[in-house]
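[1] here are the coordinates; sequence isn't available:
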């Protein structure tokens, strides 16, 4: 929610609280119908296709909802990884051996493996075809654009890339006090300097925000 929105939409007259930031995510069927985008494997893993689809999504958002501030990246090629404009949590399941059926107008469907045991092959997950495809996507986009965006990835990204990702998200929200950074992949491989980069980036943006008032 932009700062202008906070002034346009006052506090709830009953609860008297500030409005919360809200993000709307459309179902893949909406994108398929209104933008002609299909959500096959190439949508998630082909570098050129991924960037092209992201730009088309931004353009559609601007044409339909530009007055609400959507579609700001319609004229940019954004090297995106992950499902930014739709909810699609499938990668981890695929890495662990589940079959994933990709649909034209629906999120990837995870088919349970129905294994007799609950043993997790961690080493196998990170040498799986799906994870190698993701790394290939990241490497190609980095070589082409010098960075990737999307989810904040603490393990693979450098300190500079993490700072840039966090700052980009704060700028998008226009208010560092209404911005959350979720790091679900924080494990023992994440070094202290990368964690420190998150706090330093947020602190820097808060100082900028305070100085602009």
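    Good, I have the coordinates. Nothing here was measured: the structure is a model prediction, and the numbers come from that model. Numbering: from 1, shown residues only.
[2] CA only for contacts and neighbour counts going forward, please
    Will do.
[3] touching, residue 133 and residue 44? I think so.
    No - contact criterion CA atoms under 8 Å: residue 133 and residue 44 do not qualify, at 9.5 Å.
[4] what about these two, which has more around it?
    residue 44 (21 against 14; other CA atoms under 10 Å).
[5] after the lowest-mean-pLDDT helix or strand in the chain, which helix or strand is next?
    Least confident helix or strand of the chain, by mean pLDDT, DSSP states H and E, is helix 3-8 with a mean of 50. Under the assignment DSSP states H and E, the closest C-terminal helix or strand after helix 3-8 is helix 28-35.
[6] pull out the buried residues from that next one.
    28-29, 31, 35 (16 or more other CA atoms under 10 Å).
[7] can you show me the helices along this protein?
    For the chain, the helices defined by DSSP state H occupy 3-8, 28-35, 41-45, 47-65, 91-95, 122-125, 129-145, 159-173, 192-212.
[8] so for stretch 117-128, mean pLDDT?
    In this model, stretch 117-128 has a mean pLDDT of 82.
[9] quote the end-to-end distance of that stretch.
    19 Å (CA to CA, to the nearest Å).
[10] which residues sit against that stretch?
    95-97, 131-132 (CA atoms under 8 Å, 6 or more residues apart in numbering).
[11] and the closest residue in space to residue 194 that isn't next to it in sequence, how many neighbours?
    Using CA to CA, 6 or more residues apart in numbering and skipping residues adjacent in sequence, the residue nearest residue 194 is residue 159, 5.3 Å away. The burial count assigned to residue 159 is 18, neighbours taken as other CA under 10 Å.
[12] distance check, residue 159 against residue 33.
    40 Å.
[13] go on, residue 167?
    Taken as CA to CA, the span from residue 167 to residue 33 is 33 Å.
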